[in-house]
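Colleague: Structure of the sequence below:
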Amino acid sequence: MKKTRASILAGFVLVWLSGTASAATVGNDMPSLMPGRLGDFGHYTLALTWQPGFCDGDSCAADQPRDVLIGLHGLWPSRPQDLIQRDIAAPQWWSRGCDYYHHSGAAPTLDADTRRSLARIMPQLDSDLLTHEYDKHVQCFDYVADDFFDAALVLRGRIADSPFGRWLQEHAEQSVARHDLLAAFDRAFDTQKTAALQLRCSGDGDNRFLSQLWFTIPREHLADFPQEAGLMNAPIAQHNCPARFRVPNWS
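Modeller: Numbering: from 1, shown residues only. Predicted coordinates for the structure are as follows:
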């Protein structure tokens, strides 16, 4: 297992450093994610952060790495079927997550390389985001923690190193039209599933700026992301960016 994780992370680091690999290049590095229980949910949400927007003001620690623009918030399974049968609405699941089954509050036990890679690209908050993500979105499914977070790293890398990721980085500190950003997504992955990407903005009034990008992925096609089979239109719209907004850069 350790050799497999090392191989996965080596591929991720190589892609991250080069900034030129395509999604197909890193596809073979994708770990197989098999939940030990509650595996009957429909889709994942890959939540990526636009780090300068997410960390606007003093939201992140002073030593937050500032050479990363596209970061990782988390990978979120949707409602298991037993909660749907109990009439637990999707917003309730978004709010409580694994607390419907068990609350641990414990940090995941991870390989040192995985933990270092996550520390570079996850927002560093007053409360540990990694522990929160594991407790709320992972532990009740009985995933192998290393496999789960290695997969999230690979998925994030596929966006950061894609033409779409480069489009975002090229437009840092610019005002963009929402339809232009979504068109760049459609072109990059040759898809018409535009609603697979939901844009989240922060700020108010005329100062609205990009802070997160949420991608909806069919559970059985996680390895195909972000190609056509690995995308699905979000079943519930959660986007909140206006027609025009700013893509911030580190100040």
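Colleague: would you list every one of the strands in this structure?
Modeller: Here the chain has its strands, by DSSP state E, at 43-50, 70-77, 174-177, 197-204, 207-218, 244-247.
Colleague: Using CSV, lay out those together with distance to residue 191 and mean pLDDT.
Modeller: Quick note: C-beta positions are derived from backbone N, CA and C, even for glycine. As requested, those are exported to CSV (distance: least, Cβ to Cβ, whole Å; pLDDT from 0 to 100):
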stretch, distance to residue 191, mean pLDDT
strand 43-50, 15, 98
strand 70-77, 19, 98
strand 174-177, 19, 98
strand 197-204, 9, 98
strand 207-218, 11, 98
strand 244-247, 21, 98
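Colleague: Tell me which of these lies nearest to residue 133.
Modeller: strand 70-77 (4.2 Å; Cβ to Cβ).
Colleague: Report the separation between the residue nearest to residue 73 when sequence neighbours are not counted and residue 238.
Modeller: Closest residue in space to residue 73, ignoring its immediate chain neighbours: residue 47 at 3.8 Å, by Cβ to Cβ, 6 or more residues apart in numbering. Distance check for residue 47 against residue 238: by Cβ to Cβ, to the nearest Å, it reads 10 Å.
Colleague: and if you look at residue 174?
Modeller: 24 Å.
Colleague: quick one: least confident helix or strand in the protein?
Modeller: Lowest mean confidence among the helices and strands of the chain (mean pLDDT, DSSP states H and E): helix 23-26, at a mean of 33.
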